[in-house]
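A.B. asks: Sequence and predicted structure are below.
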Amino acid sequence: MSQKILIEYFLQSIPESMAIFIVITAFLKKRFNFKMILILGFTAGLAIKILRMLPMTFGFHTIIQLIIVTMLTKLAYETSILNCFFATIKTILILTIYEMISLNGIAYFTEFDMKVLITNPLTRSLLMLPQLLLLILTGILITYLQKGKVEEK
């Protein structure tokens, strides 16, 4: 495996997947379990990284990613597939909004050429940090607002 793929997997795919599962866990009103989030993050990160390497039509990757994350959520939390799907959709929409805001903000306030920055796996991973932090904070906020309504598993 090339160094580029490993950097992308460990610095982008895993953290992004973990952040996604933190918010999904909050939406499903499940108790936060770091070990479970870590396992889900590694599993989804690997599956999605492999998927992104496959030559597929634009947009098809996203549909399969939604299915992968939904199925992993279903397996981990043993809740209805519809609840898992809607939690996944809401989380991906939030991530997309945060991504647009953070990347446009970085492009606006700096003189960096974004096309150059995203070609390097290390700088691309660093560019993703603001949206991942926002996503994690969103999961924490949702959990906090649901205080007393969280299920055991």
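C.D. replies: Arrived safely, thanks for sending.

A.B. asks: For the biggest helix by length in the chain, enumerate the helices and strands it packs against.
C.D. replies: Ordering each helix of the chain by length in residues (DSSP state H) puts helix 81-109 first. Secondary-structure packing of helix 81-109 (3 or more CB pairs under 8 Å, 6 or more residues apart in numbering; DSSP states H and E): helix 14-27, helix 60-77, helix 114-117, helix 121-127, helix 129-145. No exception for glycine: its C-beta is placed from N, CA and C like everyone else's.

A.B. asks: lowest average confidence, helix or strand, in this structure?
C.D. replies: helix 114-117 (a mean of 78; mean pLDDT, DSSP states H and E).

A.B. asks: Show me what that one packs onto, helices and strands only.
C.D. replies: Looks like helix 114-117 contacts helix 81-109, helix 121-127 (3+ CB pairs under 8 Å, 6+ apart).

A.B. asks: Now with 6 Å, please.
C.D. replies: The helices and strands touching helix 114-117, judged by 3 or more CB pairs under 6 Å, 6 or more residues apart in numbering; DSSP states H and E, number zero.

A.B. asks: rewinding a little: the helices and strands packed on helix 81-109 into JSON lines, with extra columns for mean neighbour count and distance to residue 51?
C.D. replies: Below are these laid out as JSON lines (neighbours: other CB atoms under 10 Å; distance: least, CB to CB, whole Å):
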{"stretch": "helix 14-27", "mean neighbour count": "24", "distance to residue 51": "12"}
{"stretch": "helix 60-77", "mean neighbour count": "17", "distance to residue 51": "6"}
{"stretch": "helix 114-117", "mean neighbour count": "12", "distance to residue 51": "23"}
{"stretch": "helix 121-127", "mean neighbour count": "16", "distance to residue 51": "17"}
{"stretch": "helix 129-145", "mean neighbour count": "17", "distance to residue 51": "19"}
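
A.B. asks: Rebuild those as TSV, extending it with distance to residue 86.
C.D. replies: Shown next, in TSV, are these (distance: least, CB to CB, whole Å):
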stretch	distance to residue 86
helix 14-27	8
helix 60-77	9
helix 114-117	32
helix 121-127	29
helix 129-145	14
